[in-house]
Every structure is written in structure tokens, then in C-alpha cells.
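> got a predicted structure here, sequence first:
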Amino acid sequence: MEKSATSERRIAVVTGGNKGIGLEVCRQLASKEVVVVLTARDEKRGTEAARALHASGFSDVVYHNLDVSDPSSAACLAGFIENKFGKLDILINNAGAIGATAEIDTTTPLQDVLAGKNATERLQWLLQHSTETYEEAEECLRINYFGTKYVTEALLPLLQASSDGRLVNVSSNYGLLRYFSGEDVKLELNNVENLTIQRLDEMSRLFLNDYKNGQLKSHGWPADAEYLAYKVSKALINGYTRIMAKNFPALRINSVHPGYCMTDINYDTGELTAEEGAGSIVMVSLLPVGGPTGVFFYHDEVAPFV
């Protein structure tokens with residue numbers, strides 16, 4: 001595909017596009033005549049995912065390697081997009097890590113263990129069997145928050161070259177401020193007029209320091225349940241979404257909670273399919289011109305950040 005052949009078509013980048021929700025986002029965008037750059041850290045899996053989409057009739061899907069936690073990898077992707085397309089219309093930051101490890105007894109089929117449990121009970125079961133370490137928390141922040149930031153910064157000039165650039169950050173209801181234990185932290189993250197990206201970076205470091213020193217609750221972070229780093233990473237992503245929307249009003253920049261979906265990150269314990277979760281993300285990425293920006297979508301509805 002040359003620039004001339006794609007100049008009138010929308011170009012999208014999807015991070016973490018080789019499986020789960022990301023792969024389904026690639027499929028749905030391609031079905032709507034969008035040229036998709038499917039990115040993944042694992043070249044073998046990324047290439048296989050793109051080939052599978054080609055075999056399904058979606059020929060305008062291109063694989064490119066991307067490690068979201070590496071700014072040089074994001075810069076390499078930006079150079080590829082610039083040379084091949086000259087612009088970017090849609091960036092979907094989907095790649096993520098849960099920041100925990102589930103200890104699952106593999107001697108009993110998981111479907112038998114979860115039989116008869118509703119979605120809430122399945123989630124509680126998963127939480128009870130999960131542990132998280134400082135190293136996992138650090139990785140979670142590096143991939144979820146800093147990875148989103150690195151990729152966005154690298155591709156921002158190309159989004160600005162679009163006549164209608166869209167940025168969708170895949171977030172979670174776990175990133176809502178209600179999960180924070182301190183009012184001061186909630187107020188600061190919700191004060192988008194004064195919040196800065198530099199402060200978000202600093203807050204990520206403060207969280208990890210407090211995690212290491214056992215001071216999460218005393219300093220206002222999520223502290224009473226599991227997935228602590230995941231919650232903070234998604235709250236930081238939401239803050240980043242709001243700051244970027246304020247700073248770049250010509251773009252449509254939003255966060256989306258796709259729902260508790262059945263993917264390998266949660267051992268398929270979710271209540272929605274990857275197809276259903278991806279549908280919300282794709283819907284937001286293709287909203288009509290002049291649609292909302294700087295908002296949080298709970299599935300396909302605008303909802304509060306708190």
C-alpha cells in the first residue's frame with residue numbers, strides 16, 4: 001500500500017493487537033474499511049495474527065513490531081507510519097498488563113471450577129487466587145501508563161496530520177477515582193485544569209515508592225483490595241486522557257472501559273466476549289466528527305471519572 005492508495009482511507013494503529021480485545025479491534029476496524037497497523041511485542045504472534053486476518057479477507061492489515069515500554073520502539077513505529085502513510089487517523093492504546101499473577105490449579109479444568117458462578121463470583125474467585133509483587137506493580141505502570149504515553153508522544157504529530165485524529169486509551173472501571181482511599185489524591189487527579197503530565201509521572205513514582213514501603217493507605221492510594229497497580233495505572237491513563245484532550249482540542253481523545261471481557265489476562269472469567277468489548281472501543285474511535293473529547297466511556301456511554 002502506497003501513500004497515494006491510502007490517502008483517502010483512515011489509518012489506525014492498535015497496540016497489543018495480536019490477541020484478545022486488541023485482535024478483535026483490528027478485525028472490526030478492518031471490516032469498516034480502515035487500514036490497520038496491528039502492533040505487538042512478540043513478532044511471531046503479531047505476524048500470525050495479521051496472517052489470520054488476511055485469511056479472513058482483511059488484506060489491509062499490516063503488522064509492525066512494538067514494545068510500548070520502549071520509546072525507541074515507538075519512534076521506529078512512527079517512522080514506519082510516516083514513510084508508508086504520511087498520517088495517522090486513529091491510535092488505540094490497548095496493550096496492557098494486569099500487574100498480578102494468578103495461582104491456578106491446572107489439575108481441574110477451569111470451566112469446572114467456575115461452573116455455576118456469575119461474573120462477580122468468577123472475579124472474586126480470580127482475585128482470591130491472585131498475588132502481586134513490587135516487580136509486577138512496576139511492570140504494570142511501565143506498560144500501562146508509560147507505554148501509553150510513549151506511543152502517544154511518538155505518534156502525536158501523525159495524528160495531528162489527520163483531518164480528524166482520534167486517540168482512544170483503553171482504560172477500566174478499576175481506574176475510577178472511587179477506588180482511592182485518600183480525598184486529596186482523588187481531588188488532585190480530578191482537577192484537570194491544574195493537573196500536568198509531569199505530575200502524573202511523579203505520582204507513578206510516588207505510588208511505587210509507597211508500595212515498596214507499605215504506605216499505600218496512609219498516602220491515599222488504593223490499598224484494600226487486589227490489582228492495586230492496575231487501578232493506579234488506569235487512573236493515571238484517565239488523567240493523561242483528560243490532559244491531552246485539553247492540550248489538543250483539535251483531536252478527539254477519550255478513555256474507554258470495554259467491560260469485564262473473557263480474555264487470557266483474566267483466564268476467560270469475564271462476562272463479555274472480546275468481540276463485545278472491542279465493539280465499544282471501535283465505536284468510540286469512529287464517533288462522528290465533532291464528538292466528545294476528554295471523557296470516559298463505560299462501554300458505549302459517557303460516565304464520570306470518579
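Sure, I can see it. Numbers count the residues shown, from 1 in each chain.

> please enumerate the helices of the stretch 51-200 of the chain.
With DSSP state H, counting those that start in this stretch as the criterion, the stretch 51-200 of the chain has helices at 71-84, 110-114, 119-128, 134-140, 147-160, 183-190, 197-213.

> count the neighbours of the closest residue to Ala154 other than its chain neighbours for me.
Distances taken as CB to CB, 6 or more residues apart in numbering place Ala74 nearest to Ala154, at 3.8 Å, with adjacent residues excluded. No exception for glycine: its C-beta is placed from N, CA and C like everyone else's. As a burial measure, Ala74 scores 23 neighbours (other CB atoms under 10 Å).

> mind putting the helices of the stretch 51-200 of the chain in a markdown table, mean pLDDT included?
Shown next, in a markdown table, are the helices of the stretch 51-200 of the chain (pLDDT from 0 to 100):
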| stretch | mean pLDDT |
| --- | --- |
| helix 71-84 | 98 |
| helix 110-114 | 69 |
| helix 119-128 | 71 |
| helix 134-140 | 96 |
| helix 147-160 | 98 |
| helix 183-190 | 97 |
| helix 197-213 | 97 |
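
> so which of those helices is nearest Gly99?
Among the helices of the stretch 51-200 of the chain, helix 134-140 comes nearest to Gly99, with 3.0 Å by CB to CB.

> hang on, the earlier thing: my guess is the residue nearest to Ala154 meets Glu153, correct?
Yes. Contact criterion CB atoms under 8 Å: Ala74 and Glu153 qualify, at 7.4 Å.

> Glu138: what's it in contact with?
208, 229 (CB atoms under 8 Å, 6 or more residues apart in numbering).

> do the same with the one 3 residues further on
Residues near Leu141 by CB under 8 Å, 6+ apart: 99, 204, 207-208, 229, 232-233, 236.

> let's see it at 6 Å
Residues in contact with Leu141 (CB atoms under 6 Å, 6 or more residues apart in numbering) are 204, 233.

> how close does the residue of the chain most remote from its centre get to Gly116?
Ranked by distance from the centre of the chain (CA atoms, centre = their mean), the top residue is Thr107, with 32.5 Å. Using CB to CB, to the nearest Å, Thr107 is found at 19 Å from Gly116.

> what about Ala55, how many neighbours?
Quick note: Ala55 (other CB under 10 Å) scores 9 neighbours.

> meant to ask about Glu188, not that
Residues near Glu188, counting by other CB under 10 Å, number 17.

> and stretch 137-156, which residues are buried?
137-152, 154-156 (16 or more other CB atoms under 10 Å).

> stretch 225-234 too?
Under 16+ other CB under 10 Å, the buried positions of stretch 225-234 are 226-234.

> using JSON lines, lay out those together with pLDDT.
Formatted as JSON lines, the buried residues of stretch 225-234 follow (pLDDT from 0 to 100):
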{"residue": "Glu226", "pLDDT": "84"}
{"residue": "Tyr227", "pLDDT": "89"}
{"residue": "Leu228", "pLDDT": "95"}
{"residue": "Ala229", "pLDDT": "96"}
{"residue": "Tyr230", "pLDDT": "95"}
{"residue": "Lys231", "pLDDT": "96"}
{"residue": "Val232", "pLDDT": "98"}
{"residue": "Ser233", "pLDDT": "98"}
{"residue": "Lys234", "pLDDT": "98"}
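
> what's next to the helix ranked longest in the chain, contact-wise?
Taking DSSP state H as the criterion, the chain has its longest helix at helix 228-247. Helix 228-247 has contacts (CB under 6 Å, 6+ apart) with 98-99, 137, 140-141, 144-145, 148, 169, 171-172, 174-175, 179, 189, 192, 195, 197, 200, 204, 207, 222, 253, 255, 293-294, 305.

> can you name the element that comes right after that helix?
Scanning forward in sequence from helix 228-247 by DSSP states H and E, the next helix or strand is strand 252-257.

> now for that following strand, which elements pack on it?
When contacts are defined as 3 or more CB pairs under 6 Å, 6 or more residues apart in numbering; DSSP states H and E, strand 252-257 packs onto strand 166-170, helix 228-247, helix 274-285, strand 296-298.

> which of the ones you listed is buried the deepest?
strand 166-170 (a mean of 26; mean count of other CB atoms under 10 Å).
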